[in-house]
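Asks: Requesting a structural model of the entry that follows:
(one chain, ligands or ions: 2)
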Amino acid sequence: MTPGPQEGAGWHDASMDFSKDMSYGDYLALDQLLDAQHPLSPEHNEMLFIIQHQTTELWMKLMLHELRAARAHIDAEQLGPTFKMLTRVSRIMDQLVQAWTVLATMTPPEYTAMRPYLGHSSGFQSFQYREIEFILGNKNAALLRPHAHNPARLAEVQRALETPSLYEGAIRLLARRGLHIDPARLARPVTERTEYDASVEAAWLEVYRDPSGHWELYELGEKLVDIEDSFRQWRFRHVTTVERIIGFKRGTGGTDGVSYLRKMLDVVLFPELWRLRTVL
Ligand code: HEM
Ligand SMILES: N[C@@H](CC(=O)c1ccccc1NC=O)C(=O)O
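Replies: Ligands and ions are numbered 1, 2, ... in the order given. Okay, the predicted model is just below:
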C-alpha cells in the first residue's frame, strides 16, 4: 500500500493519553455543550432550530462581553482597545446576518410541524438579546417582565437597564473632550431609550467636519455606525425569514409577529450619527 498523506506527517509524537491531562473536550466543556440539545418533537428539523438559536446565544454572550468591556474602556479613555472590541462586535453581527441562510432552508410545512411544541417560548424572551438592546441604548423597562419569574435573571437584565449605555458613554466622552453637550442631555435618566438631541448632533458635526482634529472621536463614531448598520441587517433578515416561514401569524411570544418585528426596523440606536450625514 502506498503511504497516505498522514504517514510521516508529524503526528507520531502527538499526545494520545488524556486519562490525567486536560483534553480539548475537557477545556471546552463539550460534554455539557453537546448534551444541551433536547428536541421536543419527532421532527428532523428541530435540531437545526435548536442549534441555530444556541449558537446565536453563544455569539451574543461574546458580543455582551465585548460591549461591556468597550463601555468600560470608553469611560477610561482607552479608545484603542475600544475600537478592537467594537470591530469584533460588528464582525459577529455580520456573521449572524449570514447565519439566517441556514435557517431559511426550513420550509413553512417543516416549521409548522414543530411549532406547536414551542408553547409560548420565543426569542422575545431572550435575556441576552434584551441586554444587547439595552447596552446599545434601546431601553424599555416594560420588557423586563418576561424575566420576573427568575429573580437572579431579572436583576441581571435590570442592571443592564440601569447602567448607562455605550452611546451614553460616547456622549460623555464628547463632553469631556471639550465639545458642548447640553447639561440637560447629560442629566437624562439612563433607563430611558436614546432620543435625538441637537447638542449631541452639533458635537458630532464638529468631529465629522474636522476628522484629523478629532481622529479618535471620528473613528468611534464610525465604529458605532458599523454596529448599527449590521444590527439593522440582522433585524431585516429576521423579519424576512419570519415572514417567509410563518407569514403574518401571531408570534408564540404573543406579539403581532411580523408587524411587531417590522416596527423594530424603525429603531434608531445612534440618531445623531445618522442625522449629521444630511447636513455635513
Ligand atoms: C423559524 C424561525 C423564527 C421565527 C418564525 C421567529 C419568529 C419570531 C416572532 C414572531 C417574534 C416576535 C415575538 C413573538 O411574538 O414571538 C420573534 C422575536 C424574536 N426572535 Fe425570532 N423567529 C425565528 C428565529 C429566530 C432566531 C434564529 C433568533 C436568534 C436568536 C431569533 C431571535 C428573536 C429575538 C431576539 C426576538 C425579539 C425581538 C425584539 O423584541 O425586537 N428568532 N421571532
Ligand atoms: N416566535 C416564534 C417561535 C420562535 O421563533 C422561537 C421559539 C422558541 C425559541 C426561540 C424562538 N425563536 C425566535 O423567536 C413563532 O412565533 O413561531
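Asks: Can you give me the distance of the residue in the chain positioned nearest to ligand 2 to Gly253?
Replies: Taking Cβ to the nearest ligand atom as the measure, the point where the chain comes nearest ligand 2 is Gly123, at 2.8 Å. C-beta: built from backbone N, CA, C; applies to glycine. Gly123 sits 7 Å away from Gly253, taking Cβ to Cβ, to the nearest Å as the criterion.
Asks: Mind telling me what element the residue lying closest to the residue of the chain closest to ligand 2 once chain neighbours are set aside is part of?
Replies: Beyond its immediate neighbours in the sequence, the residue positioned closest to Gly123 (Cβ to Cβ, 6 or more residues apart in numbering) is Tyr129, lying 6.6 Å away. Mapping Tyr129 onto the secondary structure by DSSP states H and E places it in helix 127-135.
Asks: Stretch 228-241 near ligand 2 at all?
Replies: No: taking Cβ under 6 Å from any ligand atom as the criterion, stretch 228-241 and ligand 2 are apart, separated by no less than 8.1 Å.
Asks: Tell me the buried residues in that stretch?
Replies: In terms of neighbour count (16 or more other Cβ atoms under 10 Å), stretch 228-241 has its buried residues at Glu228, Ser230, Phe231, Arg232, Gln233, Trp234, Arg235, Phe236, Arg237, His238, Val239, Thr241.
Asks: Tell me what angle the helix or strand hosting the first one forms with helix 127-135.
Replies: If you go by DSSP H and E, Glu228 is part of helix 215-246. Comparing the axes of helix 215-246 and helix 127-135 via axes from the mean of the first three to the mean of the last three Cα atoms, to 10 degrees yields an angle of 140 degrees.
Asks: following helix 215-246, which helix or strand comes up?
Replies: Helices and strands here follow DSSP H and E; after helix 215-246, the next one along the chain is helix 258-264.
Asks: Around ligand 1, which positions in the stretch 51-200 of the chain sit nearby?
Replies: Taking Cβ under 6 Å from any ligand atom as the contact definition, the stretch 51-200 of the chain meets ligand 1 at Gln52, His53, Thr56, Leu103, Tyr111, Ser122, Gly123, Phe124, Ser126, Tyr129.
Asks: On the three-state scheme, Ala72 is what?
Replies: When states are read from DSSP: H, G, I helix; E, B strand; the rest coil, the local structure at Ala72 comes out as helix.
Asks: Many thanks, have a good one.
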